[in-house]
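Peer 1: Output the structure for:
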Amino acid sequence: MPLRVTFVAAARSAPLLAERFDDERPLDQAGWDEVRRAAADLVPLTAAELRYCSPTPRSRATGDALGYAPLAQLALRDCDMGRWRGLTLGEAMAREPAAVDAWLADPRATPHGGESLLAFISRAGGWLDTRPADDGARIVAVAEPAVIRAALVYALKAPPATYWNLDIRPLSTTTLTGHRGRWNLRFEGPAVRTSQL
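Peer 2: Below you'll find the model as predicted:
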């Protein structure tokens, strides 16, 4: 039986345009309100045998508020942005436009002195591939949207540039099924009855 890993995107800690690299801020009031509204749909994931989270305040708070009591995983931390840590993309662009352009264009680039996009994707994928392979194990992981994007690029063996085209909304869920080296993206929704033609 394949593993089932459901990622839950952490609730927000700031409006989208105010998001910062390596953001260590706790949930803002809007984030707490979002958790409260989404709880009925997300609390059933407490049935997962293994529950993890990114080591950020907002990921931990989201997991705790949903009753997951998750174990923080260093491998699920956000991308190390070096000297850009704490800046918004706009602030980094204003200070170092050529460096930001290089970083966005080349997945191996580290103009900020931190981690490359390729290294980040590999780290998130390495975490995914080393989950316990018990038959049918269900796993839930509350993570930063960037971590979920990196894990998806890895799991789908997509080109690194795909990372920039994935939009992970706060408190959204993404499920991968499979095992080391072979993952499938699973879309879930209500069952639909089909009639025979």
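Peer 1: got the contact list for the residue lying closest to P111 once chain neighbours are set aside?
Peer 2: Among residues not flanking P111 along the chain, A99 sits closest, at 3.7 Å (CB to CB, 6 or more residues apart in numbering). To be clear about C-beta, it is placed using only N, CA and C from the backbone, and glycine gets the same treatment. Each residue near A99 by CB atoms under 8 Å, 6 or more residues apart in numbering is listed here: 92, 111-112.
Peer 1: now do R20
Peer 2: Residues near R20 by CB under 8 Å, 6+ apart: 14, 86-88.
Peer 1: show me where the protein has helices.
Peer 2: Secondary structure of the chain (DSSP state H): helices at 29-42, 57-65, 89-95, 97-105, 117-129, 145-155.
Peer 1: List the buried residues for the first one?
Peer 2: So the one you mean is helix 29-42. The neighbour-count check on helix 29-42 (16 or more other CB atoms under 10 Å) flags 31-32, 34-35, 38, 42 as buried.
Peer 1: Out of those residues, the closest to V8 would be?
Peer 2: The nearest member of the buried residues of helix 29-42 to V8, counting by CB to CB, is L42 at 6.2 Å.
Peer 1: wait, doesn't L66 sit right on A39?
Peer 2: Yes: with contacts counted by CB atoms under 8 Å, L66 reaches A39, the gap being 6.2 Å.
Peer 1: Let's see the pLDDT reported for R77.
Peer 2: pLDDT for R77: 95.
Peer 1: What count of nearby residues applies to it?
Peer 2: A count of neighbours around R77, defined by other CB atoms under 10 Å, yields 22.
Peer 1: Enumerate every residue touching it.
Peer 2: Shown in contact with R77 (CB under 8 Å, 6+ apart): 54-56, 147.
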